[in-house]
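**Student:** Pasting a predicted model and its sequence here:
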Amino acid sequence: MHDDRNLVEARLRRVLDERIRPAVYPESVPLRVAVWHAPGEPVPVAEGLAAEPEPIEVGARWGAPWGTSWFRVTGTVPEAWAGRTVEALLDLGFDENMPGFQCEGLVYRPDGTPVKGLNPRNQWVRIGAPVEGGEEVRLHIEAASNPVILDYHPFRPTLLGDKDTAGHDPQYTLTRMDLAVLDETVWQLVLDLEVLGELMAELPVDSARRWDVLRAVDRALDAVDLQDVGGTAAAARARLAEVLAAPAVPSAHRISAVGHAHIDSAWLWPLRETVRKVARTTSNMTALIEDEPEFVFAMSQAQQWAWVKEHRPEVWARVKKAVAEGRFVPAGGMWVESDTNMPGSEAMARQFVHGKRFFLDEFGIENEEAWLPDTFGFAAGLPQIIRAAGSKWLLTQKISWSQTNKFPHHTFQWEGIDGTRIFTHFPPVDTYNCSMRGSEIAHAARNFKDKGRARHSLAPSGWGDGGGGTTREMIAKAARLRDLEGSATVVWETPRAFFEKAEAEYPEPPVWVGELYLELHRATLTSQARTKQGNRRSEHLLHEAELWAATAAVRSGFPYPYAELDRIWKTVLLHQFHDILPGSSIAWVHREARATYERVATELNGIIEAAQRALAGEGETPLLFNAAPHPGAGVPAGGAATPRTDGATTLAPRPEGGHVLDNGLLRIEIDAQGLVVSVYDIEAGRETVAPGATANLLQLHPDFPNMWDAWDVDEFYRNTVTNLTDADSVTAGEDGESVRIVRSFGASRVTQALTLPPGERRLVLDTEVDWHETEKFLKLAFPFDLHAERYASETQFGHFHRPTHTNTSWEAAKFEACNHRFVHLAEPDWGVAVVNDSTYGHDVTRTVRADGDRGTTTTVRVSLLRAPRFPDPETDQGFHRFRHALVPGARIADAVREGWRINLPERRTTGAGEVAPLVTVDNEAVVVTAVKLADDGTGDVVIRFHEAHGARARATLTAAFPFTGLTVTDLLERPGGEGEPPARDGDRITVRLRPFQLMTLRLRRA
């Protein structure tokens, strides 16, 4: 037989595009259209409906960037259409390749009832099926003219990302506003041909099934009269019935499709627009659920559910009904789909606390899966947090984006730093926006790494990023793929149903230990420094506010600010979303974030100061309040006392030029250019700085990645570096403990103060940068005379180790990594820590010196600032402050302590006398991360702590208040928890912890 495959496939493409798809709507009449453009920000629905619009014609331009226009469309269904299905086709100027990334709309009836959302892949509104003819049609569209930020030529700088700079030029052309007859038989034929055509393209050329499908398609096209598609569509469908009915082979891969609409809580749009995106998507999905009995839709991010409840109560009622039917499924159990690298221990825990509690309170539903399809890598401390929240599964697909190494599993156990394992699935479809295309389904089956041991995978299905969700076309395709020869099978299921099947069929999956590092988007650890500083500061202010408010409530009856803390936590958690905290959103988002963090700080400082006044009482005794979990300056952890200062610091000229700081513990030599040439540990008799090297070295790199400007730093940035060694001035500080350095470079200026506090084994570096560079990367380098094959980075509830070498491509790919408050390097008897108050990105490299002692130089470089131009063309321009400290001779215990200390500086006040801690711990390895009152308002005291040094620990906690009950709880403060139960002896509680184990105790006050 001659090979006519290409001929038939080309025929299929053209006939579909030019004849059959246009025949889906064979008749149409125009609607009358009028529009009212809302001034400024979006208005309430009632106001938009009541506004008096002006006529507008199809073809007219409309919509200033970020504007809202209310369209009114009216018309009459022709009498001749009686008995047929009629829809309104409402094209606001859509590009079908950009669902979620351009203009959108929400359709309302005149009484304010929402009908459905409009987007480039969902432009229809059902008028009647069938209609009687003569019906009057009146619809209102709340249309958002969101500008296209990520265009066909992506990553080009644009001012459209902020309403203050976007201008007022209309963005869109009104394209179609019609009533049209829907020919459902032709519509079904389109889906038949699309499914079979896409299946053919994925089958081997020499397979019989491919040729069976080809011949059937050819015969079906023969049956289509191109001048009467509607009249011959049924005959064409009949010729396809046999190949569509052929069942899948028994060994076919099995896909659980979950309706999905990944909605970034902010990204290329501001938070206020996400509120509306969620309303549009949920309107569509509840309508689809009513029409499609097998369809199941899952939505994560409790914050987005809360927005629907608050802002669109009429949509919320439909959502609640669908949830009660088990068809609209709360997923993930987190407040938002947050970044998981940078949020601190308590913040990561509270993501689950507030997310799960919302779904429990609203629906009585307990999520057992974490749902994070788009998060940029996963910290090694996360498995324990997931488990402590009462969950046991994790889904993500983002690791498939890694550029260097292919992850070896799709279903596996992920083991965290404490040994907790979480059953984890990476959908092999490699997208969270599956549209049921044959290429996607075939890729999932081919790509699945666990063949022979498992055969189930999950496909999140629906348009996402900017929302939109599943379409009726996707559901129709899935119905054809349910049991189709040559394809994986597809069935709609909930996340829980999938995980239960996957876990049952794969009882002993492989294990991956440690972080799930994304080999991409590494620069998100540095971009938008002020957003990251706001997050870090807010986390620690919340720690203080809870601690001092709880202490004051127990001691003096201070009114504990339950509602305020709940609201502030949710605000901080929202801003940990995986495009806000990572710094990858438009300028508008980060401008608002900065203002929000300022308000949060003001409110939390007010709570802290009020609680401390209640505790300190009236008096003139100098007091230092210490919120850190370790004693400092003679003040106990969680208490207040008169500060004590030990020793003194001397400041002297350096003979070679520069200055020498000495406090009897450390001797610091700073040369005439402000570079640290020596950090000598006097007690150990050991030099910290590598021979011939200088610390406190600012290094400037060009930074123009191949893609994803705010997200990525590509390894070739290291090829070019400028060492900023020239100083404008190097002067002795007036306090006698510091040296002040000023440097200028490019259009920028750096001012530093290097301080050696009396009696302390740390050199404090305060760095102020007036930053006006473009596409540059600023690093701060510390080359150490230290032989270390690995180093420790703090993460949630502990730390973990990364190699300093690049033996394999897996290690080499981690050329930029995340730490929280410290990194620590050590030889067996001596180490060094670099601690920070607000930076996350860093790199660690090692080299063997070619001459002299042939020792090893291990260099830690802190990432300070970047200057990408997309999506925010002014990223990080302006003034910044950073604080770091170098801690020579540090054990891991010292790194932990100093990391907390630099983030929780003591507060000075006066009062009547000392304030005893509410809780004390007798082992420095056991670190208290939260002291608070229980969220349920009972007044119970909740204490959360963990083992922080990576070893087994026994500790005694002493409560300075009477209590009648002691309960080990989960993160939601419910009875639960793992490990050896604590032992109580009066006011003393003894616990034994595994390495990095976290524990939460709830004490019922007497």
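**Tutor:** Yes, it's here.
**Student:** what's across from T857 in the sheet?
**Tutor:** D785, T847 (DSSP bridges).
**Student:** quick one: it from A478, how far?
**Tutor:** Going from T857 to A478 by CB to CB, to the nearest Å gives 58 Å. In this view, the C-beta of every residue, glycine as well, is placed from N, C-alpha and C.
**Student:** Neighbour count for the two, which is higher?
**Tutor:** More crowded of T857 and A478, by other CB atoms under 10 Å: A478, with 25 against 19.
**Student:** My read is that that one contacts W492, right?
**Tutor:** Yes - A478 is within contact range of W492, at 6.7 Å (criterion: CB atoms under 8 Å).
**Student:** what residues are shared contacts of the two?
**Tutor:** Residues touching both A478 and W492 (CB atoms under 8 Å, 6 or more residues apart in numbering): A257.
**Student:** The residue nearest the centre of the chain: what's it in contact with?
**Tutor:** Compute the mean C-alpha point of the chain, and by CA atoms, centre = their mean the closest residue is H578, 2.1 Å away. Counting by CB under 8 Å, 6+ apart, H578 makes contact with 264, 336-339, 372, 374-376.
**Student:** Among these, which ones are in strands?
**Tutor:** The members of the contacts of H578 all map outside strands under DSSP state E.
**Student:** now the strands for the stretch 451-600 of the chain?
**Tutor:** Applying DSSP state E, counting those that start in this stretch to the stretch 451-600 of the chain gives strands spanning 456-461, 489-492, 511-513.
**Student:** And the residue nearest to the centre of the chain, what's its pLDDT?
**Tutor:** On pLDDT, H578 comes in at 98.
**Student:** if I look at T424, how far off is Q384?
**Tutor:** Relative to Q384, and taking CB to CB, T424 is found at 14 Å.
**Student:** same thing with L1003?
**Tutor:** 22 Å.
**Student:** likewise P44?
**Tutor:** Distance of P44 to Q384, computed by CB to CB: 45 Å.
**Student:** more neighbours, those two?
**Tutor:** Q384 (28 against 10).
**Student:** which SS class is the more buried one?
**Tutor:** Under the three-state scheme (DSSP: H, G, I helix; E, B strand; the rest coil), Q384 adopts helix.
**Student:** Between which two of the contacts of H578 is the distance greatest?
**Tutor:** The distance between the two most remote of the contacts of H578 (CB to CB) is 13.9 Å, for V336 and F376.
**Student:** Three-state assignment for I289, please.
**Tutor:** Going by three-state DSSP: I289 is helix.
**Student:** F328 is in contact with that one, correct?
**Tutor:** Yes - at 6.2 Å, I289 counts as touching F328 under the criterion of CB under 8 Å.
**Student:** Find residues that contact each of the two.
**Tutor:** In contact with both I289 and F328: 297, 322, using CB under 8 Å, 6+ apart.
**Student:** Put together CSV for the strands of the stretch 451-600 of the chain, with distance to V58, mean neighbour count and mean pLDDT on each row.
**Tutor:** Listed next are the strands of the stretch 451-600 of the chain as CSV, based on distance: least, CB to CB, whole Å; neighbours: other CB atoms under 10 Å; pLDDT from 0 to 100:
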stretch, distance to V58, mean neighbour count, mean pLDDT
strand 456-461, 33, 27, 98
strand 489-492, 37, 21, 98
strand 511-513, 55, 13, 98
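**Student:** Which of those strands sits closest to E500?
**Tutor:** strand 456-461 (10.0 Å).
**Student:** Can you dump the C-alpha atoms of stretch 667-682 in PDB for me?
**Tutor:** What follows is stretch 667-682, C-alpha atoms only, in PDB (Å, rounded to 0.1, in the frame of the first residue of the first chain):
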ATOM      1  CA  ARG A 667      41.600  40.700  66.600                       C
ATOM      2  CA  ILE A 668      40.500  42.200  63.300                       C
ATOM      3  CA  GLU A 669      42.800  43.900  60.800                       C
ATOM      4  CA  ILE A 670      41.300  46.200  58.200                       C
ATOM      5  CA  ASP A 671      43.600  47.600  55.600                       C
ATOM      6  CA  ALA A 672      43.700  51.100  54.100                       C
ATOM      7  CA  GLN A 673      41.000  50.100  51.500                       C
ATOM      8  CA  GLY A 674      38.600  48.800  54.100                       C
ATOM      9  CA  LEU A 675      39.200  45.200  53.300                       C
ATOM     10  CA  VAL A 676      39.500  42.700  56.200                       C
ATOM     11  CA  VAL A 677      42.900  41.100  55.900                       C
ATOM     12  CA  SER A 678      42.900  39.200  59.200                       C
ATOM     13  CA  VAL A 679      40.300  37.900  61.600                       C
ATOM     14  CA  TYR A 680      42.300  36.200  64.400                       C
ATOM     15  CA  ASP A 681      40.800  33.900  67.000                       C
ATOM     16  CA  ILE A 682      43.000  34.700  70.000                       C
END
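**Student:** For that stretch, which outside residues touch it?
**Tutor:** 654, 656-662, 664-666, 686-689, 694-697, 725-727, 730, 739, 741, 743, 752, 754, 756, 761, 763, 830, 886, 888-889.
**Student:** pLDDT on the biggest helix by length in the chain, on average?
**Tutor:** Ranked by number of residues, the top helix in the chain under DSSP state H is helix 587-616. Averaged over helix 587-616, pLDDT sits at 98.
**Student:** what helices or strands is the next helix or strand after it leaning on?
**Tutor:** As assigned by DSSP states H and E, the chain's next helix or strand after helix 587-616 is strand 621-626. Counting contacts by 3 or more CB pairs under 8 Å, 6 or more residues apart in numbering; DSSP states H and E, strand 621-626 is packed against strand 639-641, strand 907-911.
**Student:** Contacts only, for G462.
**Tutor:** So G462 contacts 259-261, 297, 433-435, 468-471, 474 (CB under 8 Å, 6+ apart).
**Student:** how about 10 Å then?
**Tutor:** Shown in contact with G462 (CB atoms under 10 Å, 6 or more residues apart in numbering): 99, 121, 257-262, 281, 284-285, 288, 297-298, 432-436, 468-471, 474.
**Student:** which of the residues you listed are buried?
**Tutor:** Taking 16 or more other CB atoms under 10 Å as the criterion, what is buried in the contacts of G462 is 99, 121, 257-262, 281, 284-285, 288, 297-298, 432-436, 468-471, 474.
**Student:** taking those one by one, which sit in strands?
**Tutor:** Short answer: the buried ones among the contacts of G462 in strands (DSSP E) are 257-259, 297-298.
**Student:** Now render those as a markdown table, adding pLDDT.
**Tutor:** As requested, these are exported to a markdown table (pLDDT from 0 to 100):
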| residue | pLDDT |
| --- | --- |
| A257 | 98 |
| V258 | 98 |
| G259 | 98 |
| F297 | 98 |
| A298 | 98 |
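**Student:** List the ones among the contacts of G462 that fall in helices.
**Tutor:** Per DSSP H, the contacts of G462 map to helices at 281, 284-285, 288, 474.
**Student:** ok, so of those, who is nearest A88?
**Tutor:** N284 (14.8 Å).
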